[in-house]
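Undergrad: below is the sequence, then the predicted model.
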Amino acid sequence: MIHQTLVDIFTAFKKLKILVIGDVMLDAYIYGAVERISPEAPVPVLNVKSRDQRLGGAANVALNIQSLGAIPILCSVIGEDAPGNEFLGLMTSSGLRIDGIVRSTHRQTTRKNRVISGGHHLLRIDEEEDQPLNKEEQKLLKTRVLEIIKDCDAIIMEDYDKGCLDQVLISEIMEEAQRLKIPVAVDPKKRNFLHFKGASLFKPNLKELNEGLKVNIDPTQQSTIYEAIGLLDKQLGCQNYLITLSEQGVFASKGKQFVGHPAHVRSIADVSGAGDTVISIAALGLALDLPLAFWSELANLGGGIVCEYPGVVPIDAEQLLEEALAQPLFEPFLKP
C-alpha cells in the first residue's frame, strides 16, 4: 500500500467485482416551461419540452461502481410491469448485468417522477411500494445473492426502505459475507437502521443518524458526533463508520481512529445521488484495504463532484482522479 500511487489505486479498482444489493428505482424527469397559471386551480401549467429516465437507488450505486472501473453485479426485485421493462432496458444499454434481478407480479417497480422548470423542482410524484418482500420474492433474491456472492471482492447493501432488505435477509447476507471474509458496506435507512450488526462500513447521513438513534446531533460540534458514533458502535459493532454531513463534509472512524474532512467549495446543482457515489468509493477503498483517511476523503471528494450536475449521475473517474491529484492529503500516494 505504501508504494502505490493514486493512478495505481484507480487501476486496481478495475480488478474488483462488487455485489450491490438493495432497492432500485427509475428516476424520471419531466422538463418544461411554466408560462401561465391554470384556470381550473391556482397551480402552474407545465408545457412539457422533454423527458428523461435514469437508473436510481441501488442501480445508481452500480453505475458509480462501473464508472470507477470495477465490475458491479446488482441484485434486487422489480415488478413484472412496463416500468420494470424500462428498467431492464436501461440496465442493458448501460452495460450492467441483469442476472441478479428478480421480477415479481406482486410488486410494482418504483419510479420517482420529478417535474422541473427553469432548473427548479416543481413537484415529485412517486410510484412505489414499500412493503417487505413476500416469502417467494425473498427466497428468489437470496438464491441470486448466494449464487453471486462468492466471486465478489466487496458487498454494498443499499437500503432505501422500499422493502427489498429486511432483518432476516440482512442477517443471512451478513453471515455468508463474514464466512467468506468479504467486506460489507452499508448505506442505511430508518426501518433497518440497527439491523446491520458487524458490517465492515456503516454510512448514514446526518438525517439518518438522527432518526436511527433518536438524537439531535449538531454537525458543527465534533463532540456530539463522537458520542453518536459511540452509541452506534455499542449497538452495531461495525469496523468503520462514515457519517456524511452535507456542507460540513464527512466524519470517519475506525476503532479509536477518527478523521474529519471538510466539504470542498462547489457550485451545487443537485445533491441527489451523492450518497450513492460516497458509498461506492468507500466500498472500493475497503476492498483494497486502503487507509481510513484515504478512502474517506476520496469518497468526500467524489460526493461533492456529482453535486455539481443536475439529476442523479454517477461519478466521472477521470475528474475524480484529476481533482484527487491536486489535493494535499493524497500527496503520499503520488510517488512509488
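TA: That came in fine, so what should we check first?
Undergrad: so where's the chain uncertain?
TA: Along the chain, the model assigns pLDDT under 70 to residues 1-3, 334-336.
Undergrad: need phi/psi at the residue nearest the centre of it.
TA: By C-alpha atoms, centre = their mean, the chain has its centre lying nearest to residue 276, at 2.4 Å. Dihedral pair for residue 276: phi -60, psi -40, per degrees, to the nearest 10.
Undergrad: quick one: residues contacting it.
TA: Applying C-beta atoms under 8 Å, 6 or more residues apart in numbering to residue 276 gives the contacts 60, 61, 64, 158, 187, 312, 314. C-beta: built from backbone N, CA, C; applies to glycine.
Undergrad: next, count neighbours for the last one.
TA: By other C-beta atoms under 10 Å, the residues close to residue 314 number 24.
Undergrad: ok, it to residue 94 distance?
TA: 9 Å (C-beta to C-beta, to the nearest Å).
Undergrad: give me the common contacts of those two.
TA: 63, 66.
Undergrad: the stretch 151-300 of the chain: strands as residue ranges?
TA: Assigned by DSSP state E, counting those that start in this stretch, the stretch 151-300 of the chain shows strands spanning 154-158, 184-187, 201-202, 240-244, 250-254, 257-261.
Undergrad: quick one: which of these is nearest residue 83?
TA: Taking C-beta to C-beta, strand 154-158 is the member of those nearest to residue 83, at 18.8 Å.
Undergrad: list the neighbouring strands of that closest one plus their orientation.
TA: Looking at strand 154-158 with DSSP bridges, its partner strands are strand 17-22 (parallel), strand 184-187 (parallel).
Undergrad: most tightly surrounded among these?
TA: strand 184-187 (a mean of 28; mean count of other C-beta atoms under 10 Å).
Undergrad: can I get that strand in CSV? Just the C-alpha atoms.
TA: Output of strand 184-187 as CSV, limited to C-alpha atoms (Å, rounded to 0.1, in the frame of the first residue of the first chain):
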residue,chain,number,x,y,z
VAL,A,184,-19.8,-5.3,3.6
ALA,A,185,-20.5,-1.6,3.2
VAL,A,186,-24.0,-0.4,4.3
ASP,A,187,-26.0,2.7,3.3
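Undergrad: give me the contacts around it.
TA: Counting by C-beta under 8 Å, 6+ apart, 22, 61, 154-159, 173-174, 177, 196, 199-204, 238, 275-276, 279, 282-283, 286 sit against strand 184-187.
Undergrad: chain center to that strand: distance?
TA: Centre-to-centre, strand 184-187 and its host chain are 9 Å apart (C-alpha atoms, centre = their mean, to the nearest Å).
Undergrad: now the most far-flung residue of the chain relative to its centre: how far from residue 45?
TA: Centroid-distance maximum for the chain: residue 39 at 42.0 Å, with C-alpha atoms, centre = their mean. Residue 39 sits 9 Å away from residue 45, taking C-beta to C-beta as the criterion.
Undergrad: please apply the same query to residue 282.
TA: Using C-beta to C-beta, one obtains 44 Å as the distance from residue 282 to residue 45.
Undergrad: so what sits opposite the residue lying closest to residue 108 once chain neighbours are set aside in the bridge?
TA: Using C-beta to C-beta, 6 or more residues apart in numbering and skipping residues adjacent in sequence, the residue nearest residue 108 is residue 79, 4.4 Å away. Beta-bridge pairing of residue 79 under DSSP bridges involves residue 104.
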